[in-house]
Structures are given as C-alpha cells and as structure tokens.
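K.L.:
below is the sequence, then the predicted model.
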Amino acid sequence: MEAKPGSNSSISDHHQPRRFRRRIQTPAAAETLPEEIIEEILVKLPVKSLLKFTSVSKSWRSLISSNNFIEAHLEFSRKDPNFAHYRTISTFLPPRNSSVKHCSFPSLFNGNGVVTDAVDVDFPFDFPKKIVRVMGICNGLVWIAPNMGHWFLWNPSTRQYKQLPDECDQTNVVVKCDFKSGFGFDESTRDYKVLLARSVLCKDDRYETTVKIYSLRTDSWKRIKFFNGRRHPSDSGVSGIFVSGKIHWCKKNTGSNLKCHIVSFDLGSEVWGNVAEPSCVESGSYDSPSLGVLDGCLCVLYDFTRSRIVVWVMKEYGVSESWAKTVTVPYVHLPLSNPSIIRPSLCVGPKGEILCMVGSTLMVYNPNDNRFRCPKMRNFGAFLEAHVYYESLVSLA
C-alpha cells in the first residue's frame, strides 16, 4: 500500500490494476505455467525468497521490483489469515548480546508446547551498544533511534536503511520538558513522514513548543505550526499511534472532567484535531488511558485501578457512535499481581486471540474464556517494548 513516491521500487496508486499485463520470461521449469499463476505464487512468498528470485531473470527482477507487485505483496502480507509474514520486534536493556530481537508471530499462538526462537537482529549499520528505541512502525518500515537524536528508517526484511538528517536546534534550550513522536504514511503525496513535537524550557524561563516533520520524499525536515501554542497534551515520551492517515496521542484530563483527551495530527493536511472518546465509559477511577491498534482500528484501554481493564474499539474511524467495548478483563484473571499493560494490544491473531504486553512479558489473551497464557520462547526475557510488523518490499532508496 505504501512506499516512497518516485522510487523504482515504490508502490503505485491504489487504483491501478493489480494484474500485471506483461510477458514474463520464466525459467524452463515454469514455462508451462500461465503468467497469472506465476504472479499469484510469487506474491505469497516471503521477502527473503523474493530477493533471491530477482536473480532468476531480468523479467522476474522487473516484476518483483515493480510498483504494482510491491503493493500486491504488501496487501497480501497484511491480510494473510495465517499471519505468515508477521514478526514481533522487541528491545532490551544492555548488556544482552543484542538489544533488539525478533521472532515469528504465528508460533506465539500455537499453544501446543511449541517453543519460539527469538533471533538477534543483525543491523546493517553500526551504532554504540546502548538502548535502542523503536519509535514507530508502518507497512514494514521501522523508525528506530539507536541514540536519541539520531534517527533511522529501516526495512528489516530487505535490510535497507536510511539515516535521517539532523533536526536538532538546541541553542536556546536549557531542559527538554516534553517529547512526542509519530511515524506514518501520507496517502495524498505517497510519502512517509516522521513527526517530532517538543515542549522545552528556554533561557528566559518560558516554554516553547516546536513541531517538525520529516519527509522521506524530500529527505528534509520542516517546522509547522503547533495547534494551540501550548505544551503537547499527552504523557511525555509516548509515541503516537498511526491509524487512518493520522497520528494519535491520549491524555487523561485533570480536574472535575476525568475523561481522556485524544489528539490527532493528519499527515496529509498537516492539521491538528481531536477524536471523541467513547461516551459510555463507565465511571470510576482509572489511570491515564492507553491508545493502540486492534485489528486495524483505533482502540483505548482503560485501567480501572485494582478492578478491571476495559478496551474500547472505534469500529469506523471518525464515527463516535462506532465505539464498542470489546474486552473486559477483571484483575482476578490477570497473570501478574501488579500488572502494567504498556499497550492495549499488539495484534489480533488466529481465532481472535490477542497478543499483548503485560508488564515486560508477551502474553496471549483469549477473550472467550478471559484467560492469559505465556508463549514458550528461547533467547528471550524481560523487554523494554515490543511491536508487531509484517514483511514488505517497500524501498528506502
């Protein structure tokens, strides 16, 4: 669906036909197969295999690197009911041998005693062995920060990467007070964008909020107007959630109004906005809500202290009436005595089970019986954060 415009291996417009009307020169063993069958076979293969197959012939290389094929492969990977091309990526504190690990997604749901091996990530670039943060993920691309202030876009499937240009201007800054970020895709310009919002304390003891956007298409940063000139209204250090072309942050209001406040930023129009929270959230004391993505929809998790955890999902984006309460988990069913749900969920897997983070552990939750189970994993342990991505051929060239 998404890739850098203008690139030979980018994805073309969504409305272009997905059948490739070209003559494909195939290896002798495949000469008897119809062209449509060859295309259908290739589009279902993992990226690693496809990269090898670009050496089969010039026509195969042209097909696999074409805009239409990349789009079709991305769409298949995203919608595959078997989740064959899905992976988890987790970050760890040093002194582990690797600060980032990934593993197969489907095996985590097996539940038959199968052990999943976590694999150390072999980065194609060098950086000091410090904490690595995953700042955002979009269509197989990962925005990472090996060191805060040094940003990389990276495709873990193709091993392509791009270091973002320096954007910092700290000449008048004494202390960084607040930091927000987000990463997503602008369909209107077919461009990937990174957003950074900072509220800082200046030398004259006043707060100043700056918002900058990086464009992959232009490989440059630009400053944009902030929506109200105040500090960004969400918890510091939280990465935004990308859904329906917009990045979202959330914060619980203070004072008598205890409802949460969901702020959005449209990557296309570059306009700030608000998303109405669920109107039927039950009363009670809850911690600051958490935003996430559940089955492609924006969701909000409410943690009612020592009572229950409730997840609401916006089934139709932008329609406040479409909020639906989908999961309620009493504390008695949680696997930890002092749980800390960092994200509402990572992904909905086979049979409607949900992969989520409970504290610093990956857990699989079955909403049918309100039960959690811990997948068996090797070369793994307590992590800082975890994300889910699916393979793609999207190019950063």
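P.N.:
Nice, thanks for sending it over. Numbers count the residues shown, from 1 in each chain.
K.L.:
any idea how far apart the tips of stretch 93-113 sit?
P.N.:
Counting by CA to CA, to the nearest Å, you get 28 Å between the two ends of stretch 93-113.
K.L.:
how about it: buried residues?
P.N.:
Using 16 or more other CB atoms under 10 Å as the test for burial, stretch 93-113 gives 98, 99, 100, 101, 102, 103, 104, 105, 106, 107, 108, 109. Just so you know, the C-beta spots here come from the backbone N, C-alpha and C atoms, and that holds for glycine as well.
K.L.:
now that stretch: how far from the chain's centre is it?
P.N.:
What separates the centre of stretch 93-113 from the centre of its chain is 17 Å, taken as CA atoms, centre = their mean, to the nearest Å.
K.L.:
quick check: mean pLDDT of that stretch?
P.N.:
Mean per-residue pLDDT for stretch 93-113: 77.
K.L.:
farthest-separated two in the buried residues of stretch 93-113?
P.N.:
Maximum pairwise distance among these (CB to CB): 25.8 Å, between 99 and 109.
K.L.:
you'd agree residue 158 is in a strand?
P.N.:
No. Using DSSP: H, G, I helix; E, B strand; the rest coil, the assignment for residue 158 is coil, not a strand.
K.L.:
who's in contact with it?
P.N.:
Contact partners of residue 158, counting by CB atoms under 8 Å, 6 or more residues apart in numbering, are 47, 51, 393, 395.
K.L.:
you'd agree the first one is up against residue 157?
P.N.:
The reference is to residue 47. Yes. Counting by CB atoms under 8 Å, residue 157 is a contact partner of residue 47 at 4.0 Å.
K.L.:
mutual contacts of the two, please.
P.N.:
Jointly contacting residue 47 and residue 157 under the rule CB under 8 Å, 6+ apart are 391, 392, 393.
K.L.:
export those to CSV and tack on secondary structure, neighbour count and distance to residue 142?
P.N.:
Conversion of these to CSV gives the following (DSSP: H, G, I helix; E, B strand; the rest coil; neighbours: other CB atoms under 10 Å; distance: CB to CB, whole Å):
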residue, secondary structure, neighbour count, distance to residue 142
391, coil, 23, 12
392, coil, 26, 11
393, coil, 25, 15
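K.L.:
which one of those residues is nearest residue 272?
P.N.:
Nearest to residue 272 among the shared contacts of residue 47 and residue 157, with distances taken as CB to CB, is residue 392, at 29.1 Å.
K.L.:
against residue 192, how distant is that closest one?
P.N.:
To residue 192, residue 392 is 12 Å away according to CB to CB, to the nearest Å.
K.L.:
show me the common contact partners of those two, please.
P.N.:
Joint contacts of residue 392 and residue 192 (CB under 8 Å, 6+ apart) are residue 141.
K.L.:
check the offset of stretch 317-328 from the chain's centre.
P.N.:
With CA atoms, centre = their mean, you get 21 Å for stretch 317-328.
K.L.:
surely residue 141 is in contact with residue 157?
P.N.:
No. Between residue 141 and residue 157 there is no contact under CB under 8 Å: 9.5 Å.
K.L.:
who has more neighbours, these two?
P.N.:
Set side by side, residue 141 and residue 157 show more neighbours around residue 141, with 28 against 23, by other CB atoms under 10 Å.
K.L.:
and the contacts of residue 158, which of them are in helices?
P.N.:
If you go by DSSP state H, the contacts of residue 158 have 47, 51 in helices.
K.L.:
adding distance to residue 90 and pLDDT, write the contacts of residue 158 out as a markdown table.
P.N.:
Shown next, in a markdown table, are these (distance: CB to CB, whole Å; pLDDT from 0 to 100):
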| residue | distance to residue 90 | pLDDT |
| --- | --- | --- |
| 47 | 20 | 96 |
| 51 | 24 | 95 |
| 393 | 24 | 96 |
| 395 | 25 | 93 |
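K.L.:
now the contacts of residue 158 in CSV, with distance to residue 211?
P.N.:
Listed next are the contacts of residue 158 as CSV, based on distance: CB to CB, whole Å:
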residue, distance to residue 211
47, 34
51, 37
393, 31
395, 28
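K.L.:
just among the contacts of residue 158, which is most surrounded?
P.N.:
Scoring the contacts of residue 158 on neighbours with other CB under 10 Å, the highest-scoring entry is residue 393 at 25 neighbours.
K.L.:
contacting residues around that one?
P.N.:
Here residue 393 is in contact with 9, 47, 50, 64, 65, 69, 70, 73, 74, 140, 157, 158 (CB under 8 Å, 6+ apart).
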